[in-house]
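Peer 1: Quick one: sequence plus predicted model below, questions after.
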Amino acid sequence: LAEALLLKGGVLNRLGQVTDGTTAGDYDIDEKDAQKSYYSAVLHTNWKGRDINFLDTPGSLDFSGQLYGALSVVELALITVNAASGIEIGTRKAWELARQQGVPCMFVVTRMDAEQADFDGVVEALKETFGNACTPLMLPHGSGSSFEGVVNLLHPGEVPDALQDTVEEQRGELMESVISGDDELLERYLEGEEISSEELEDIFTQVLVDGTIVPILCCASEKDIGVTELLDLLAAYAPSPAYAKKEVEGEAGVEDYELDLDGPLSAEVFKTISDEFVGKISFIRVYSGSLKSGDTVTQAQTGKSVKLGKIFRPQGKEQQDSGEAGPGAIVATAK
């Protein structure tokens, strides 16, 4: 899925394969040999004017520490669920850790082109396991070898005849859930008035952050079905850095930290690795203000000043010059 998102965003020119060891996210030699992820990988793309950072984390419980670290610096968790095999132990662990850290979730039902794909069965299982807030935001057109596309329930567009009744029914339920907290919007909707995209964007992001709705999406990454729609939804509704929540150790104990995106620098080192060529590399999430190569910053726990070396933007194993990093950016430095 990460490969498909980067390919669609124009970052890659071909879809890498786990079995070939050619994915952007699994670049360590051990990962390539084992054909699975051991470490979280920082990836990013731009879609419809929005800069989207991804932290691709291992699915194995043996490496859940990588997931825990990644969840500490993001505003949304995309939890993938195989359309054929359904909920697994890793699904539950990802949900549990995201909930512990107050990170809102979306489920992405992948491999809808698999022979035993069962979207309705997976949706039912998600509701039973994680609650009725789990709600389809996409509906598949077909499944298995006949999987042809997806319908975005917020903006259905042209709906296949076979899905007309289902889309109408489920869109009505979704819209009422989304705008139930806004009496004016709900009244307008029930009177048959169309709610604008801008109004939906503001309110949907808030109900996503509140956990009122846990959207369920679907796609087939290798066949490039549903990937564009997924990126569209992320660009429109994924929480921005303005929704970031942090806690800091203060004189009175752990306190909520109010973030001002335009205020002074606030950033967090969330991961450090050892590189055989350059030594230690620290990964930094910027919350407010800006960060540039050579800046002198204050380490909050000790009060000491630290002069940074050159900062760069990771794209898997690639290192891209960063220049200046603002709120939401994920960068790294070797010093």
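Peer 2: Sure, I can see it.

Peer 1: Surely T135 touches V214?
Peer 2: Yes - counting by Cβ atoms under 8 Å, T135 sits close enough to V214 to count as a contact (6.8 Å). (Each C-beta comes from the backbone N, C-alpha and C, glycine too.)

Peer 1: tell me the contacts of the closest residue to S221 other than its chain neighbours?
Peer 2: With Cβ to Cβ, 6 or more residues apart in numbering as the criterion, S221 has its nearest non-adjacent residue at 3.9 Å, and that residue is A4. Residues in contact with A4 (Cβ atoms under 8 Å, 6 or more residues apart in numbering) are 15, 219, 221-222, 224, 227.

Peer 1: so of the residues you listed, which ones are in helices?
Peer 2: V227 (DSSP state H).

Peer 1: Turn the contacts of A4 into TSV, including neighbour count.
Peer 2: Listed next are these as TSV, based on neighbours: other Cβ atoms under 10 Å:
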residue	neighbour count
L15	15
C219	28
S221	23
E222	15
D224	13
V227	21
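
Peer 1: Need the max-distance pair from the contacts of A4.
Peer 2: Across the contacts of A4, no pair lies farther apart than L15 and C219, at 13.2 Å, counting by Cβ to Cβ.

Peer 1: count of residues packed around A267?
Peer 2: When neighbours are defined as other Cβ atoms under 10 Å, A267 has 22 of them.

Peer 1: Wait, a strand at it?
Peer 2: Yes - assessed by DSSP: H, G, I helix; E, B strand; the rest coil, A267 belongs to a strand.

Peer 1: For it, which non-adjacent residue is closest in space?
Peer 2: Using Cβ to Cβ, 6+ apart and skipping residues adjacent in sequence, the residue nearest A267 is V286, 4.7 Å away.

Peer 1: That neighbour reaches S322, doesn't it?
Peer 2: No - in this structure V286 lies outside contact range of S322 using Cβ under 8 Å: 10.0 Å.

Peer 1: ok, the two, which is more surrounded?
Peer 2: Taking other Cβ under 10 Å, V286 and S322 do not tie; V286 has more neighbours (23 against 19).

Peer 1: From I213, how far off is that one?
Peer 2: Distance from V286 to I213, counting by Cβ to Cβ, to the nearest Å: 29 Å.

Peer 1: cool, and L190?
Peer 2: Between L190 and I213 the computed distance is 19 Å (Cβ to Cβ).

Peer 1: Looking at those two, which one has more neighbours?
Peer 2: Shown here are L190 and I213; by other Cβ under 10 Å, I213 has more neighbours (18 against 12).

Peer 1: Closest one of the contacts of A4 to D51?
Peer 2: Once Cβ to Cβ is applied, the member of the contacts of A4 that ends up nearest D51 is V227, at 18.0 Å.

Peer 1: contacting residues for the closest one?
Peer 2: Going by Cβ under 8 Å, 6+ apart, V227 touches 1, 4-5, 8, 219, 221.

Peer 1: Go again with 10 Å.
Peer 2: V227 sits next to 1, 3-5, 7-9, 150, 219-221 when contact means Cβ atoms under 10 Å, 6 or more residues apart in numbering.
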